[in-house]
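Undergrad: Output the structure for:
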Amino acid sequence: MFSNLTIPENILNNETLMKILKPVSDGNFSTPNPEEGYMAYHLDWNNGKMNGFENSSGPQSLMYYTSYQLGALLSLTEEYSLADHYFSPVLSESAPNTLFYVAGFSPVINDYKNTARKPHFLKRG
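TA: Just a heads-up that it's a prediction; the model follows:
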């Protein structure tokens with residue numbers, strides 16, 4: 001599995017990707033959510049090439065807010081933790097990552113959306 005991985009490119013050195021990135025238009029303060037989930041994330045990642053975002057998660061995954069649009073929020077990032085060096089143990093959604101943090105293992109690869117069988121936890125006592 002690891003033999004076919006490539007080193008991710010620095011986004012600032014990728015001229016092709018920099019041409020695709022677009023700022024959110026002025027006056028807009030929200031964007032549609034990108035496609036999420038195990039499959040979407042792996043298609044985004046593309047074995048480390050990091051070039052599947054637009055086709056997998058949609059063009060809104062390559063948009064950014066300007067410092068003008070962020071206003072006071074940008075000031076807060078300079079004073080408080082932003083978690084910009086956060087890495088999840090599983091390239092997936094919240095449920096499997098939370099299980100990894102708590103138990104060091106996850107029996108699931110996706111969140112529990114649209115399913116009749118949701119996990120349950122036994123109560124002690």
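Undergrad: Run a quick neighbour tally on S56.
TA: S56 sits with 19 neighbouring residues when counted by other CB atoms under 10 Å. The way it works is simple: take the backbone N, C-alpha and C, and place the C-beta from them, glycine included.
Undergrad: no no, A40
TA: 19.
Undergrad: So which bits of stretch 35-55 are buried?
TA: Within stretch 35-55, the residues that count as buried by 16 or more other CB atoms under 10 Å are 35-38, 40-41, 44-45, 50-54.
Undergrad: What's the separation between the spatially most central residue of the chain and Y86?
TA: Taking CA atoms, centre = their mean as the criterion, Y41 is the residue nearest the geometric centre of the chain, at 7.2 Å. Taking CB to CB, to the nearest Å as the measure, Y41 falls 14 Å from Y86.
Undergrad: quick one: what helix or strand has the residue nearest to the centre of the chain in it?
TA: Following DSSP states H and E, one finds Y41 within helix 38-45.
Undergrad: Tell me where this structure is predicted with low confidence.
TA: For the chain, the stretches with pLDDT under 70 are 1-12, 82-84, 111-125.
Undergrad: now the strands: where do they sit in it?
TA: With strands called from DSSP state E, the chain shows them at 22-23, 63-64.
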